[in-house]
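Participant: following is a predicted model, sequence given first.
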Amino acid sequence: MEGAAVRRYRAIFALTAPAYLWLALTVFLPLSAMIYFSFLTQAPIGGRAAEWTLAHYVAFFTKEVYWRNAWRSFELGLYVTALCLLFAYPAALILAKHVKGRWREALFLLVILPFWSNALVRTFSWTMVLRGEVGLLFTYWAIVIGLVHAYLPYAILTCYISLQSIDDSLIEAARSLGASPLQAFLRLTLPLSTPGILAGVILIFVPVIGSFMEPRILGGKNAIMLGPLIENQFTAVFNWPLGAALSFIILAIVLLILLAASPFLRRQLQ
Amino acid sequence: MARLIAPVLARLYLAVILVFLYLPIAVMMTMAFNTSPLYEFPFEFNLIWFKALFNNERLLSSSLNSIIIALANTLIATILGTMAALGLNRYEFRGRQLLELLLLPPITIPWLIIGVSMLIFFYWTGIGRGLHAILLGHVALSLPYVIIVVGTRLKTYGPTLEEAAATLGATPRQAFWRVTFPVLAPSIMAAALFAFAVSFDQFVISYFLAPPGISTLPVEIYTSIRKGFTPEINAISTLIILVSMGIMLLVARYYRFGGER
Amino acid sequence: MSRVDLEHVSKRYATVAALHDISLSFRDGEFFGLLGPSGSGKTTLLRAIAGFVEPDEGTISFDGRRVENVPVHKRQIGMVFQNYALFPNLTVAGNIAFGLSVRRITGAEASRQVSEMLDLVRLTGLNERKPRELSGGQQQRVALARALVTRPKVLLLDEPLGALDRRLRQEMQVELKDIQRETGVTTIFVTHDQEEALTLSDRIAIIDQGRLMQMGEPREIYERPATIFAAQFLGDANVFSGRRENDFLVLADGERIHAPGSAATVVVRPEKMRVFAARQAVPVEASNRVEGNIIQAVYSGASVTYHIRAARRVGRPILVFVQNLEGEVLAPQTKVTVAWSPDHTVPVEA
């Protein structure tokens, strides 16, 4: 009897180990290394010695420039998430409830397609539109527009999945009990679709606060946010430990958000 | 009556959304075929920017790098990912949920952070930057998607098919190749195409892990944009986005048709 | 065609005993039903025989040869799963021929056997269809053909008719029985439907909470259930319990019924009882009598079911099935005498 159990575990290991070892090497260990670096005075590479310090974290919490960046990233995240969901929810609702059959699939695909295409190119394409007379290029709002454009399909997707799973007969039952369409929506549809909305919030807010490409391309000098700031530490200023510390702060925020939402996410995943 | 207006308004709204989504892409593509190097109207059809691409050494070499890495990425991620999906979905064991949860960080953590941490770690451990490092990074990003796509299909079909094959006398290997694999094939295909797109389109990780002088296509485009607009960027971007969307249409086809019983 | 013997088979999952010390013998060629409620362990038992579940204790033998260490694909069994598990990428012929191709039987010989099987399950000509194009009943027959073509030693059926509607189920029950008789393969099937178990099986085993409750021929178990559980699971039963007084059982309200033996609880089947209105004469042989009032009379065409509250008793109503001989239905509130013969008073374990 033990032979079979051992064989089973060996099989499970053989199948899953390669992928997870790869992830460990390229994601989990690096993240740990990054956290480690954030507590050093300088990058311990090329024979340089480094000491423990909390200086970078202290700097973040005390220097106004970092706070400003963090706040602007946060603010950006809020704007983009709110705008995305505001525009996405009606679209998802229409797709889920008012369009039927082949049209629905085709439209859905059309909506999702830009999202799965090259993000860099899509961002670049906005520069074509926003420059010149439109004059919005290199402003804060250009960044917002670019990011909303990037994540809108994502928001539509999560809301759509949630809305679609609501059985029509529930709405019919509500109507038969005397609820007007608006009441049925507010008291039934909306609450039942909150998992989708929540998933959308998380899946948009998190990447946005960590974004640097869109701010740089669309915002130019106006890209005063954590993302570009972190990127700077690694490509221009070469203060890796500071960059690591700032990254860890974002990472911590992300993990906190995920933890807070994990009961909801778990239900969604099922 | 509100009843009559509502459907019209609804369709209109969807149309507006779609226009918003495709507008910049359409503008960019139009400019790619426009003669004017300064993106000015009137529009005059011309292929000169596309032809110019072929003379641009850097764009060509970075395109080649992108394609090679994407192909290698597809191969590795699809094989490793499918194996992992099988391990996770055909066996019950403690820690299975934990492993499934571990797939979330690569997808949800902003790429900036992952890229930065890879840079740190690779430098520190001597792996360094370069195409090999970029490949390491791309596979890491593709794996969760492959595992989820293939895993979902495995969950749908359950282990009963393989059990049935066993009762008919098939060894586990025979059961896998003759029953599981054909059923999985469409989703493996979809996952592979997805992995290719993820790698080909990937910018952030490639940006951090590319050493001076060597890059992938998205990185090359980025540096060109930062230096100043050149019309060739429009042309190559048009090509990329068409390829990108084409791949995704294929993914949709495989995933959908595979999903039908 | 094999004999299957289980001896002291036990299986635990964490702290739950899914199977507890089960010993059963399945005779060569018989149609055996494993009957029990959901979660009773009957499917676990079936899967243990198949080889998907390894018993913690005990032995399983086919024709005297122990098979606990033999992997599934070497046991030469045939199995039909609850959802049929037809291979979606193969045609009907491909599905049926699968077991043959694994045994290196291909080409013309394989086609011949496939057609033979299709004839047996009455699906001739559907060779090239794909599973998703078939109806539920057709899929079930393909699953059966696929399992039988390899001439298995034992055929295992996991709730084979559960997904079919009533009419189809009844048709398939007859066909299944015919096919089994024709092929003569030892067949073990799992069901929670007592009617199905009664009609199909040569012998039945009632399983509850991992234990073997009772085993025997359907008639035997039905007429002489050993426990209240068996009595109530296989059919309806009226349960009477009370104090022993030699050959009589004194019920809570003082009524005495003749119940030979020593059990404190007895069970009487509703169809063995008769109902007599006040003026009617009660035959002598129906010497066990209880007075009561009709609460409800349910007319179902061929029979009438009376729900009767015994006078002075609080407890569950007595259930009586009366054959519709005269087309008369006694009204609720009518005072009646429920009478039955002591021969039909079955002692049971509580």
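Facilitator: Right, received. Where do you want to start?
Participant: now the helices for chain A?
Facilitator: Residue ranges of the helices in chain A, as given by DSSP state H, are A:2-23, A:29-37, A:55-62, A:64-97, A:101-112, A:119-130, A:140-164, A:168-176, A:181-184, A:190-192, A:194-209, A:213-214, A:226-235, A:240-269.
Participant: can you say which of those helices is packed in most?
Facilitator: Counting by mean count of other Cβ atoms under 10 Å in any protein chain shown, helix A:213-214 has the highest mean neighbour count of those, with a mean of 27. Where C-beta positions appear, they are placed from N, C-alpha and C, glycine not excepted.
Participant: could I get the full set of helices for chain B?
Facilitator: Secondary structure of chain B (DSSP H): helices at B:2-32, B:48-53, B:57-89, B:96-101, B:104-108, B:111-125, B:131-157, B:160-167, B:172-175, B:181-201, B:204-209, B:217-227, B:231-259.
Participant: among those helices, which is nearest residue C:123?
Facilitator: Evaluated over these, closeness to residue C:123 peaks at helix B:160-167, with 18.0 Å, by Cβ to Cβ.
Participant: what lies in contact with the closest one?
Facilitator: Applying Cβ atoms under 8 Å, 6 or more residues apart in numbering or on different chains, the contact partners of helix B:160-167 are B:90, B:172, B:174-176, B:178-180, B:183, C:50-52, C:71-73, C:77-79, C:81, C:83, C:85-87, C:98, C:146-147, C:156.
Participant: let's check: the centremost residue of the chain is which one?
Facilitator: All of this is about chain A. The residue lying closest to the centre of chain A (Cα atoms, centre = their mean) is residue A:207, at 3.1 Å.
Participant: not quite, I wanted chain C
Facilitator: Among the residues of chain C, the one closest to the centroid is residue C:197, at 2.5 Å (Cα atoms, centre = their mean).
Participant: mind listing what it touches?
Facilitator: C:33, C:35, C:191, C:204, C:218, C:234.
Participant: ok, 10 Å please
Facilitator: Contacts for residue C:197 (Cβ atoms under 10 Å, 6 or more residues apart in numbering or on different chains) come out as C:32-36, C:189-191, C:203-206, C:218, C:221, C:233-234.
Participant: in helices, which of these appear?
Facilitator: When DSSP H is applied, the contacts of residue C:197 are split such that C:218, C:221, C:233 fall in helices.
Participant: out of those, who's the most crowded?
Facilitator: Within the ones in helices among the contacts of residue C:197, most neighbours by other Cβ atoms under 10 Å in any protein chain shown means residue C:221, with 27 neighbours.
Participant: quick check: that one vs residue C:161, distance?
Facilitator: The gap separating residue C:221 from residue C:161 is 20 Å, by Cβ to Cβ, to the nearest Å.
Participant: distance of the residue in the stretch 201-350 of chain C that chain B sits nearest to relative to chain A?
Facilitator: Among all residues of the stretch 201-350 of chain C, residue C:210 sits closest to chain B, at 19.9 Å; criterion: Cβ to the nearest Cβ. Counting by Cβ to the nearest Cβ, to the nearest Å, the separation of residue C:210 from chain A is 19 Å.
Participant: just checking, that residue touches residue C:36?
Facilitator: Yes. Contact criterion Cβ atoms under 10 Å: residue C:210 and residue C:36 qualify, at 9.4 Å.
Participant: mutual contacts of the two, please.
Facilitator: Jointly contacting residue C:210 and residue C:36 under the rule Cβ under 10 Å, 6+ apart are C:42, C:45.
Participant: compare the two (neighbour count), which wins?
Facilitator: Ranked by neighbour count (other Cβ under 10 Å), residue C:210 and residue C:36 place residue C:36 first, with 27 against 22.
Participant: for the stretch 101-250 of chain A, which residue gets nearest to chain C?
Facilitator: Of all residues in the stretch 101-250 of chain A, the one sitting closest to chain C is residue A:105 (19.2 Å; Cβ to the nearest Cβ).
Participant: looking at that residue now. What's its pLDDT?
Facilitator: Here the pLDDT value assigned to residue A:105 is 82.
Participant: surely it meets residue B:253?
Facilitator: No. Contact criterion Cβ under 10 Å: residue A:105 and residue B:253 do not qualify, at 11.3 Å.
Participant: buried set for stretch B:159-167?
Facilitator: B:159, B:161-167 (16 or more other Cβ atoms under 10 Å in any protein chain shown).
Participant: let me redo that: stretch C:115-134
Facilitator: Here stretch C:115-134 shows C:117-118, C:120-121, C:123, C:126-127, C:129-131, C:134 as buried, counting by 16+ other Cβ under 10 Å.
Participant: and the two most separated of these?
Facilitator: Farthest-apart pair in those is C:120 and C:130; separation 20.9 Å (Cβ to Cβ).
Participant: hang on, the earlier thing: what's the closest non-adjacent residue to the residue nearest to the centre of chain A?
Facilitator: Of all residues not flanking residue A:207 in the chain, residue B:110 sits nearest, at 5.3 Å (Cβ to Cβ, 6 or more residues apart in numbering or on different chains).
Participant: residue ranges of the strands in the stretch 151-300 of chain C, please?
Facilitator: With DSSP state E, counting those that start in this stretch as the criterion, the stretch 151-300 of chain C has strands at C:154-158, C:186-191, C:203-208, C:211-216, C:238-245, C:248-251, C:256-258, C:265-268, C:274-277, C:288-299.
Participant: mean pLDDT and distance to residue C:61 for these - can I get that in TSV?
Facilitator: What follows is the strands of the stretch 151-300 of chain C, written out as TSV (pLDDT from 0 to 100; distance: least, Cβ to Cβ, whole Å):
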stretch	mean pLDDT	distance to residue C:61
strand C:154-158	94	11
strand C:186-191	94	13
strand C:203-208	93	17
strand C:211-216	92	17
strand C:238-245	86	39
strand C:248-251	84	44
strand C:256-258	84	46
strand C:265-268	90	36
strand C:274-277	89	49
strand C:288-299	89	46
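Participant: any chance of TSV for these, columns mean neighbour count?
Facilitator: Converted to TSV, the strands of the stretch 151-300 of chain C look like this (neighbours: other Cβ atoms under 10 Å in any protein chain shown):
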stretch	mean neighbour count
strand C:154-158	25
strand C:186-191	25
strand C:203-208	24
strand C:211-216	19
strand C:238-245	16
strand C:248-251	18
strand C:256-258	17
strand C:265-268	23
strand C:274-277	18
strand C:288-299	17
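Participant: can you redo these as a markdown table with distance to residue A:220?
Facilitator: A markdown table is the format used below for these (distance: least, Cβ to Cβ, whole Å):
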| stretch | distance to residue A:220 |
| --- | --- |
| strand C:154-158 | 67 |
| strand C:186-191 | 71 |
| strand C:203-208 | 75 |
| strand C:211-216 | 77 |
| strand C:238-245 | 86 |
| strand C:248-251 | 95 |
| strand C:256-258 | 98 |
| strand C:265-268 | 89 |
| strand C:274-277 | 95 |
| strand C:288-299 | 84 |
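Participant: ok, residue C:274 - contacts?
Facilitator: Neighbour list for residue C:274: C:280, C:282-283, C:286, C:320-323, C:336-341 [criterion: Cβ under 10 Å, 6+ apart].
Participant: I'd like to know which of these are buried.
Facilitator: Among the contacts of residue C:274, those that count as buried by neighbour count (16+ other Cβ under 10 Å) are C:286, C:320-322, C:336-341.
Participant: of all those, which two lie farthest apart?
Facilitator: C:336 and C:341 (17.3 Å).
Participant: correct me, but residue A:72 touches residue A:208?
Facilitator: No. Assessed by Cβ under 10 Å, residue A:72 is found out of contact with residue A:208, at 11.4 Å.
Participant: what do the two both touch?
Facilitator: Common neighbours of residue A:72 and residue A:208 (Cβ under 10 Å, 6+ apart) are A:143, A:215, A:225.
Participant: how about the last one: what's its closest non-neighbour residue?
Facilitator: Once flanking residues are discounted, residue A:225 sits nearest to residue A:73: 4.5 Å by Cβ to Cβ, 6+ apart.
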